[in-house]
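J.: quick one, structure for this:
(one chain, ligands or ions: 1)
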Amino acid sequence: MEQYFKIISDVTKKSTENDFMFVFFNGNILVKIEENSIKIPLLKELKPLNIKYEEQFFIGEIVENGCFATETHSEIETSEGFELMSLRDFANTVNECLFSAAGRANQILHWNRTNKFCGKCGGNTVTKEDEIAKVCQKCNHVMYPVICPAIIVAVMKGEQILLAHNSNFKNNMYSLIAGFVEAGEDLESAVKREVLEEVGINIKNIRYHNSSPWPFPNSLMLGFIAEYESGEIKVDGKEILYADWFEKDSLPNLPEKFSLARRIIDGVI
Ligand SMILES: [Zn+2]
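T.: Below you'll find the model as predicted:
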């Protein structure tokens with residue numbers, strides 16, 4: 001059976017030596033290389049590295065092993081067999097189970113790092129003892145990890161798929177139309193609005209496809225499929241530089257395999 005990462009929120013749990021440690025330094029994750037494969041180290045395997053850990057968060061389990069997220073602010077002396085790698089490189093190398101756990105670790109640590117002070121009164125916050133939340137010591141305001149919903153949509157015109165090149169994309173890559181959901185907006189309206197704003201196309205028959213957390217740093221991607229209704233492609237020239245209809249045998253460079261965009265594209269064309 002394939003391993004999977006089970007999310008558990010239990011802030012009372014303390015790490016033991018057989019738990020997996022997702023340790024981040026400067027945005028990179030510490031991994032152990034064993035027989036040419038990339039692993040997450042157990043706490044006991046990290047002893048020789050003498051890492052000065054910051055706060056630890058229990059994030060869930062892989063089989064019987066607990067998973068903890070933590071970071072360090074001092075340089076790690078990576079001895080033989082250890083390496084620091086970017087979360088994107090990690091995602092491209094490991095299975096879905098490890099990427100989900102590392103993604104959750106990254107989201108929790110990002111939230112921890114950016115909520116040291118109260119957004120309401122500026123007071124110092126502390127981590128709550130009974131849930132993953134921060135509480136202000138001055139005014140008791142409570143802050144939970146924030147997740148930003150974003151939509152992504154495959155617009156189909158018969159056998160053709162609409163793909164666009166965003167000004168941030170490297171390697172002349174093309175992907176699906178995507179964007180954040182506005183405050184007060186429902187998902188279908190966000191899908192329609194993004195497609196119209198970015199490429200000037202009206203769409204119909206919007207259907208939910210699937211979703212995926214996107215921990216760069218704290219999004220949840222909601223995937224949709226829709227059909228072309230009317231309009232000619234017209235890009236804004238700022239965010240989207242080019243867009244076009246593509247067929248299966250003439251696809252451009254596509255996003256990395258672990259991305260929801262790629263999984264939707266591979267599923268519909
Ligand atoms: Zn406060």
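J.: got the contact list for residue 13?
T.: Residue 13 sits next to 58, 66 when contact means Cβ atoms under 8 Å, 6 or more residues apart in numbering. Using the backbone N, CA and C atoms, a C-beta is placed for each residue, glycine as well.
J.: let's verify it: helix, strand, or coil?
T.: Following DSSP: H, G, I helix; E, B strand; the rest coil, residue 13 is assigned to coil.
J.: tell me the SS of residue 101?
T.: helix.
J.: and residue 144, how far from the ion?
T.: 15 Å (Cβ to the ion, to the nearest Å).
J.: now do the contacts for that residue.
T.: With contact taken as Cβ under 8 Å, 6+ apart, residue 144 is in contact with 132, 133.
J.: try 6 Å
T.: Neighbouring residues of residue 144 by Cβ atoms under 6 Å, 6 or more residues apart in numbering: residue 133.
J.: residues touching residue 82, list them.
T.: residue 32.
J.: contact partners of stretch 22-33?
T.: Contacts of stretch 22-33 with the rest of the structure, by Cβ under 6 Å, 6+ apart, involve 38-39, 41, 69-72, 76, 81-87, 90, 102, 105, 109.
J.: let's see 7 Å
T.: Contact with stretch 22-33 is made by 38-41, 45, 51, 67-72, 76, 81-87, 90, 101-102, 105-106, 109, as judged by Cβ atoms under 7 Å, 6 or more residues apart in numbering.
J.: domain assignment for this structure?
T.: Domain assignment of the chain by automatic domain parsing yields the ranges 5-114, 117-146, 148-268.
J.: quick check: end-to-end length of the longest one?
T.: Taking Cα to Cα, to the nearest Å, the first and last residues of domain 148-268 lie 26 Å apart.
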